[in-house]
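Peer 1: only geometry, no sequence info:
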């Protein structure tokens, strides 16, 4: 029977199932928000149906709309347009730019660094003008960006900093000299912690928190029965069907476009937000979220171990294969090319090693990683304390293959039973829907978009799975 390793899978277990079925419990949303604030070392946290909803609401209150901007109907339907700008990475999810535009702002795109895939600091600072109202720096793929270099060099203190931690559930960035900062997190099914769908805002700024709370309570509505059904269906599909065999058939249905109405809306053809973008977080999602946070240390540690295994297997494989860095400079890489008739591989062993040899390396990585944990557990509910030395929180594991057709590689991986994903196969300013906001070229974003694949990284992957993933990728690269 055909099997398929999915590109992502949330960590749902029986405790999660029992948590969401405890109907009748109340007060879970406030408990989850308080617990999340503690988790990211913030004074306040506020839940939203999506992270993009949080961005939209933050920009609305920052523009001055606040709770006095008309009725619920007018705030949802109004897309007042002005010339004010929000600085956005050219290499990030389309939904960020959608939220910016739907809030009435113009996205000002900046290019990225090719070592971290984060937006260029110097470019952010160079495009700030009198029109700039907010900046959305992003920790792409979980690579932590140095925000001090931005915040400490801002020409004004009235610019809102929205730290995009959708792929990086780290503690909020703090800077005692700059109060206008918030962090947004995603709780979607592809993220470290999942409430099926959802987002969170965290901040130390009491004024922003109170305005956002008032705005949300006035302009967001309770979920209807169809939305509850859709999100429940999402949970049960991922809980019961996301095994290798079940996912093979689920993927077939998806390819036949039979599940489209149940999937998230991320339009490439029009500026839009989901129909339920202004729906309040639900009690059962909060119960699920509380349970997910209770497994935080386990989730982060396993993701790190898998990522380190991938990195150690690929870092010296070829100079054209760029795996996510772990504190190494790109200039330290060998210069051997993967292409050309005279090019020789760095190590024939790396190409020909058997699955058992890779498994042994995988076990060695796990043993070594126990001596350098990313976070340390303390207290009852598996509360965690982050160490200062981390530089990534291991989201979608990125591998960039220079000069190769990433789409072809993903297709060949699928033939071997592996769904290698791609988080962003586009540069935002190149998409027709954002073309009017493109004022120059964005070469690094275009390059990353065309050369990137994401390897599966989640808790239910076995040593055999990760060994198969690495061996398959190496075999494919050797053959094309």
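Peer 2: Okay, I see it. Only a predicted model underlies this, so the values are computations on that prediction, with no experimental measurement involved.
Peer 1: now the one helix or strand residue 289 maps to: mean pLDDT?
Peer 2: Assigned by DSSP states H and E, residue 289 belongs to helix 283-293. The average of the pLDDT scores along helix 283-293 is 95.
Peer 1: and if you look at stretch 402-417?
Peer 2: 92.
Peer 1: roughly how far is it from the heart of the chain?
Peer 2: Chain-centre distance of stretch 402-417: 22 Å, with CA atoms, centre = their mean, to the nearest Å.
Peer 1: list the residues that contact the nearest residue to residue 198 once chain neighbours are set aside.
Peer 2: Leaving out its chain neighbours, the residue that sits closest to residue 198 by CB to CB, 6 or more residues apart in numbering is residue 187, at 3.5 Å. For every residue, glycine as well, the C-beta is placed using N, CA and C. Contacts for residue 187 (CB atoms under 8 Å, 6 or more residues apart in numbering) come out as 51, 193, 194, 195, 196, 197, 198, 199, 200, 285, 289.
Peer 1: wait, doesn't the last one sit right on residue 34?
Peer 2: The reference is to residue 289. No: here residue 289 lies out of contact with residue 34, judged by CB atoms under 8 Å, at a distance of 11.4 Å.
Peer 1: low-confidence ranges, the stretch 251-400 of the chain, go.
Peer 2: Counting by pLDDT under 70, the ranges of the stretch 251-400 of the chain that qualify are 251-267, 325-391.
Peer 1: how much space between the closest residue to residue 5 other than its chain neighbours and residue 452?
Peer 2: Leaving aside its sequence neighbours, residue 5 sits nearest to residue 418 (CB to CB, 6+ apart; 4.9 Å). Distance of residue 418 to residue 452, given as CB to CB, to the nearest Å: 16 Å.
Peer 1: equivalent analysis for residue 200, please.
Peer 2: Separation of residue 200 from residue 452 (CB to CB): 27 Å.
Peer 1: between the two, which is the more surrounded one?
Peer 2: Per other CB atoms under 10 Å, whichever of residue 200 and residue 452 has more neighbours is residue 200, with 29 against 24.
Peer 1: ramachandran angles for that one?
Peer 2: Per-residue torsions, residue 200: phi -150, psi 140 (degrees, to the nearest 10).
Peer 1: separation between it and residue 27?
Peer 2: Residue 200 is 17 Å from residue 27, where distance means CB to CB.
Peer 1: please apply the same query to residue 428.
Peer 2: Going from residue 428 to residue 27 by CB to CB gives 40 Å.
Peer 1: show me what the next helix or strand after the helix holding residue 289 is packed up against.
Peer 2: Downstream of helix 283-293, the next assigned helix or strand under DSSP H and E is helix 296-314. Counting by 3 or more CB pairs under 8 Å, 6 or more residues apart in numbering; DSSP states H and E, the packing neighbours recorded for helix 296-314 are strand 321-323, helix 355-369, strand 375-378, strand 383-386, strand 397-401, helix 463-479.
Peer 1: and helix 296-314, what's buried?
Peer 2: 296-297, 299-314 (16 or more other CB atoms under 10 Å).
Peer 1: need phi/psi at residue 136.
Peer 2: Per degrees, to the nearest 10, the backbone of residue 136 is at phi -120, psi 80.
Peer 1: nope, residue 452 is what I was after
Peer 2: Residue 452 adopts backbone torsions of phi -100, psi 140, taken as degrees, to the nearest 10.
Peer 1: got a list of what it touches?
Peer 2: Counting by CB under 8 Å, 6+ apart, residue 452 makes contact with 398, 399, 400, 406, 422, 423, 424, 425.
Peer 1: so how many other residues sit close to the fourth one?
Peer 2: It stands for residue 406. Residue 406 has 20 nearby residues by other CB under 10 Å.
Peer 1: give me the distance between it and residue 128.
Peer 2: Relative to residue 128, and taking CB to CB, residue 406 is found at 33 Å.
Peer 1: okay, how far is it across stretch 97-112, tip to tip?
Peer 2: The first residue of stretch 97-112 is 16 Å away from its last residue (CA to CA, to the nearest Å).
Peer 1: ugh, wrong one, stretch 452-461
Peer 2: Start-to-end span of stretch 452-461 (CA to CA) is 21 Å.
Peer 1: quick one: that stretch to chain centroid distance?
Peer 2: The answer for stretch 452-461 is 13 Å, by CA atoms, centre = their mean.
Peer 1: kindly report the same for stretch 87-99.
Peer 2: Chain-centre distance of stretch 87-99: 12 Å, with CA atoms, centre = their mean.
Peer 1: tell me the mean pLDDT for it?
Peer 2: Mean per-residue pLDDT for stretch 87-99: 97.
Peer 1: what's around the closest residue in space to residue 148 that isn't next to it in sequence, how many residues?
Peer 2: Once flanking residues are discounted, residue 148 sits nearest to residue 175: 7.0 Å by CB to CB, 6+ apart. When neighbours are counted by other CB under 10 Å, residue 175 registers 15.
Peer 1: okay, residue 289 and residue 34: which has more neighbours?
Peer 2: Neighbour totals were compared for residue 289 and residue 34, and residue 289 leads with 28 against 12 (other CB under 10 Å).
Peer 1: check contacts around the more buried one.
Peer 2: Counting by CB under 8 Å, 6+ apart, the residues that residue 289 touches are 32, 36, 187, 193, 195, 198.
Peer 1: hmm, 10 Å instead?
Peer 2: With contact set as CB atoms under 10 Å, 6 or more residues apart in numbering, residue 289 has these partners: 16, 19, 28-29, 31-33, 35-36, 47, 187, 193-196, 198, 200, 281.
Peer 1: follow-up on the earlier one: chain center to the helix holding residue 289, what's the gap?
Peer 2: Distance, stretch centre to chain centre, for helix 283-293: 19 Å (CA atoms, centre = their mean).
Peer 1: and if you look at stretch 217-225?
Peer 2: 25 Å.
Peer 1: sorry, back to before: just the angle between the helix holding residue 289 and helix 296-314, please?
Peer 2: Relative orientation of helix 283-293 versus helix 296-314 (axes from the mean of the first three to the mean of the last three CA atoms, to 10 degrees): 60 degrees.
Peer 1: picking that back up, so what's the backbone phi/psi at the residue nearest to residue 198?
Peer 2: phi -120, psi 30.
Peer 1: now swap in residue 203 and tell me
Peer 2: phi -160, psi 160.
Peer 1: near residue 156, how many other residues are there?
Peer 2: Residues contacting residue 156 under the criterion other CB under 10 Å number 9.
Peer 1: so is it in a helix, a strand, or just coil?
Peer 2: Taking DSSP: H, G, I helix; E, B strand; the rest coil as the rule, one finds residue 156 in the coil state.
Peer 1: so who does it touch?
Peer 2: Per CB under 10 Å, 6+ apart, neighbours of residue 156: 128, 130, 132, 180.
Peer 1: out of those, flag the one nearest to residue 111.
Peer 2: Nearest to residue 111 out of the contacts of residue 156 is residue 128 (CB to CB; 15.3 Å).
Peer 1: the residue nearest to residue 5 reaches residue 454, doesn't it?
Peer 2: No: counting by CB atoms under 10 Å, residue 418 does not reach residue 454; the two are 11.3 Å apart.
Peer 1: need the overlap of contacts for the two.
Peer 2: Residues touching both residue 418 and residue 454 by CB under 10 Å, 6+ apart: 7, 410.
Peer 1: comparing residue 428 and residue 27, which residue is more hemmed in?
Peer 2: With neighbours defined as other CB under 10 Å, residue 428 and residue 27 compare such that residue 428 has more, 25 against 9.
Peer 1: what pLDDT does that one get?
Peer 2: With respect to pLDDT, residue 428 has a value of 97.
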